[in-house]
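Peer 1: only geometry, no sequence info:
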Ligand SMILES: Cc1ncc(COP(=O)(O)O)c(C=O)c1O
């Protein structure tokens, strides 16, 4: 196989030549002084796209979640979210360390929970308890395998959380994947939430940056905490130009990533030793479970890597493959062939001999 098939994440993409030109040509200024016209344009456009009064550009998805949490919560407050949630698992305990919040976890199928999960996890009043303050939905849900919430499911969470005074935040790192898969607009989701974050550096293919959108007072606080957490940037119009380019050119093509993921899942599902459910692949993430005889996921992933297929182990027997702008349909076939070869090689000699005889 000639090329490396890098399926570790959709964050591995490199800016295209056209995106690099947009970066080079960006008009810039000092954004801390409010002078960067390209950042201002991105913030205005994102606010409109997400149907919110205001937006702020931040360096990462983790910071987008963290400033949103800190804008709403005080130390001692609690967030209700699914156990798969990115900010709980993969943001270095930022919400606990930097916002002083605890997280009350829901264990739902593939990250999609119900209104009853919200009402059932609200704390009673009293000096002993954390204050339930916020609910986080992740769409698409990464650890759940790129699962897509329906707009009806999000609306139902809103109906349950609003009367309880809970702020509803949507971690929309991959919201555009959800919209492309569901065939809807971002506002079909965001009209049901108080605040939303969106990443430009994942499927959209920009090098850096996320946006947070919400009410003006919320964004003013998010902006203050961006400063406090060290996330203000100066001539960040260079990055905003890439994000604007991504919004213009890289949204509809997410359908190609979804088609590649579906193709990969169908191919892998045929291979003995792998458990893959093609029907569960809704966007650009494929979860692959290994049967015991194939050994631990990290060792199997190391062998895949030697053969040019890069992906991550997400559990003792689970691997995750993510499709993106920098991989092609043919590379899916290459990856399927490598999986098939390595799965065969791991079979006991008697099984291999029987397969060879057929
Ligand atoms: C759902 C979700 N939210 C937030 C993030 C954090 O983004 P970043 O890596 O830019 O901090 C990620 C990263 O993969 C993610 O998958």
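Peer 2: On my side now, so go ahead. Everything numeric in this text was worked out from a predicted model, so none of it was measured.
Peer 1: Neighbours of the closest residue to the ligand within the chain, how many?
Peer 2: Residue nearest to the ligand within the chain: residue 61 (2.4 Å; CB to the nearest ligand atom). Placement of C-beta: from N, CA and C, glycine included. By other CB atoms under 10 Å, the residues close to residue 61 number 28.
Peer 1: Within its sheet, name the partner strands of the longest strand seen in the chain and how each one runs.
Peer 2: Counting by DSSP state E, the longest strand found in the chain is strand 131-138. If you go by DSSP bridges, strand 131-138 pairs up with strand 77-82 (parallel), strand 167-172 (parallel).
Peer 1: Adding distance to the ligand, mean pLDDT and mean neighbour count as columns, could you present these in TSV?
Peer 2: As requested, the strands paired with strand 131-138 are exported to TSV (distance: least, CB to the nearest ligand atom, whole Å; pLDDT from 0 to 100; neighbours: other CB atoms under 10 Å):
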stretch	distance to the ligand	mean pLDDT	mean neighbour count
strand 77-82	11	98	24
strand 167-172	5	98	26
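Peer 1: mind listing what's buried in the longest strand of the chain?
Peer 2: Residues of strand 131-138 classed as buried: 131-138 (neighbour count, 16 or more other CB atoms under 10 Å).
Peer 1: after that strand, next one along is what?
Peer 2: Per DSSP states H and E, the first helix or strand lying C-terminal to strand 131-138 is helix 151-161.
Peer 1: Tell me where the model's unsure across the stretch 201-350 of the chain.
Peer 2: For the stretch 201-350 of the chain, the stretches with pLDDT under 70 are 345-350.
Peer 1: Contact residues of it facing the ligand?
Peer 2: Counting by CB under 6 Å from any ligand atom, the residues of the stretch 201-350 of the chain close to the ligand are residue 201.
Peer 1: quick one: the strands in the stretch 201-350 of the chain?
Peer 2: Using DSSP state E, counting those that start in this stretch, the strands of the stretch 201-350 of the chain run over 210-214, 274-275, 285-290, 309-310, 312-315, 318-322.
Peer 1: Next up, the contacts around residue 123.
Peer 2: 78, 104, 129-132 (CB atoms under 8 Å, 6 or more residues apart in numbering).
Peer 1: mind listing the helices for the stretch 201-350 of the chain?
Peer 2: Assigned by DSSP state H, counting those that start in this stretch, the helices in the stretch 201-350 of the chain fall at 216-228, 237-249, 254-269, 297-306, 329-345, 349-357.
Peer 1: Just send those helices back as CSV, with mean neighbour count too.
Peer 2: As requested, those are exported to CSV (neighbours: other CB atoms under 10 Å):
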stretch, mean neighbour count
helix 216-228, 17
helix 237-249, 24
helix 254-269, 20
helix 297-306, 16
helix 329-345, 18
helix 349-357, 10
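Peer 1: Reformat the ones you listed as JSON lines; add distance to residue 66.
Peer 2: Converted to JSON lines, these look like this (distance: least, CB to CB, whole Å):
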{"stretch": "helix 216-228", "distance to residue 66": "7"}
{"stretch": "helix 237-249", "distance to residue 66": "18"}
{"stretch": "helix 254-269", "distance to residue 66": "26"}
{"stretch": "helix 297-306", "distance to residue 66": "29"}
{"stretch": "helix 329-345", "distance to residue 66": "34"}
{"stretch": "helix 349-357", "distance to residue 66": "50"}
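Peer 1: near the ligand, from the buried residues of strand 131-138?
Peer 2: Within these, those near the ligand by CB under 6 Å from any ligand atom are residue 138.
Peer 1: wait, what's in contact with the residue nearest to residue 107 when sequence neighbours are not counted?
Peer 2: Excluding its sequence neighbours, the residue lying closest to residue 107 (CB to CB, 6 or more residues apart in numbering) is residue 83, at 5.2 Å. Shown in contact with residue 83 (CB under 8 Å, 6+ apart): 105-107.
Peer 1: picking up where we left off before, and the longest strand of the chain with helix 151-161, angle?
Peer 2: 180 degrees (axes from the mean of the first three to the mean of the last three CA atoms, to 10 degrees).
Peer 1: neighbouring contacts of strand 131-138?
Peer 2: Under CB under 8 Å, 6+ apart, the answer for strand 131-138 is 65, 69, 72-74, 76-82, 84-87, 101, 104, 111, 118, 121-123, 144, 149, 154, 157, 161, 164, 166-171, 173, 193.
Peer 1: hmm, try it at 6 Å
Peer 2: Residues from elsewhere that reach strand 131-138 (CB atoms under 6 Å, 6 or more residues apart in numbering): 72-73, 77-81, 85, 118, 122-123, 161, 166-171.
Peer 1: Relative to the whole chain's centre, how far out is it?
Peer 2: Mean C-alpha position of strand 131-138 versus that of the full chain (CA atoms, centre = their mean, to the nearest Å) differs by 18 Å.
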